[in-house]
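*Asks:* What would the 3D arrangement of this be:
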Amino acid sequence: MGQLHYCLFLLLLLPQSGTSQPKFVGLGQYQIATTTPDSLNKTDFSEGGQTYVKGTLALECPHIRTFLAAKTIVEDIAITNLVLCFFDEKLFAISCDYSDALQNMFQKQYGLGTHKKTMNHQLCSQPGSESMALWGEFWQNADIMAFAIHAKGITNDCTYRATNSLIIISQTMSALSSECNLQEQLPFAETFTKTIK
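*Replies:* Numbering: from 1, shown residues only. All right, here's what the predicted structure looks like:
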């Protein structure tokens, strides 16, 4: 009788395990902690400029390298403004435009993320300036988090910006590089992350 219960228990688990969502570790062939700069297609990517410690113009972040592709193909989808950030030659962050096609692919593979309602942030220090509205969804797979960030309003440099970005990041490696200014490469990631903690 004990074996019969065990077999029934296993049969009950089978349908549920078949419908679980796969765990993300990157975007297509770009995998967190696995992809290296040497593996990139040199015709698609160009290396970004030097990254500096936040609040400085002279203190370099020697462990950080960034690569940019204006347009490339990932799993048969055109991806624009793809940025790959490496810490000691290991990929730790991915950022790109979050197009409708990419949203459909990402949600089909990983399901709907946890929704984060709109929050307004005063990023520009000029009196009377409009705030920045941020909202989106996020997913988590152990150390790796993905954010679909929608932003509309006035930025830190007091200019208007409206953007939709997908950012995938290793929290551990991101913490190691937290003193480095990656605002341009990972737009609004730091501000959005603070809203979900």
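*Asks:* the helices in this protein, which residues?
*Replies:* Using DSSP state H, the helices of the chain run over 2-19, 100-110, 171-176, 189-195.
*Asks:* got a pLDDT number for the residue positioned nearest the centre of the chain?
*Replies:* Closest to where the C-alpha atoms of the chain average out (CA atoms, centre = their mean) is I167, at 1.6 Å. The model reports I167 with a pLDDT of 94.
*Asks:* Please renumber the chain so that the first residue is 254 from this point on.
*Replies:* Understood, numbering begins at 254; the last thing we discussed is I420.
*Asks:* Isn't it up against Q436?
*Replies:* No: at 11.8 Å, I420 does not count as touching Q436 under the criterion of CB atoms under 8 Å. C-beta coordinates here come from the backbone N, C-alpha and C atoms, glycine included.
*Asks:* Show me where the chain has its strands.
*Replies:* For the chain, the strands defined by DSSP state E cover 279-280, 283-284, 299-300, 317-327, 330-340, 343-350, 367-374, 385-394, 397-407, 413-423.
*Asks:* Report all helices and strands that the third one contacts.
*Replies:* This means strand 299-300. Secondary-structure packing of strand 299-300 (3 or more CB pairs under 8 Å, 6 or more residues apart in numbering; DSSP states H and E): strand 317-327.
*Asks:* Could I have the CA atoms of the strand it packs on written out in CSV?
*Replies:* This file holds the C-alpha atoms of strand 317-327, laid out as CSV (Å, rounded to 0.1, in the frame of the first residue of the first chain):
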residue,chain,number,x,y,z
ILE,A,317,34.3,47.1,-15.5
ARG,A,318,34.1,46.8,-19.3
THR,A,319,31.0,47.6,-21.3
PHE,A,320,30.1,46.7,-24.9
LEU,A,321,27.3,48.2,-27.0
ALA,A,322,25.4,47.0,-30.0
ALA,A,323,23.0,49.5,-31.7
LYS,A,324,21.1,46.5,-33.2
THR,A,325,21.5,42.8,-33.1
ILE,A,326,19.4,39.6,-33.3
VAL,A,327,18.6,37.5,-30.3
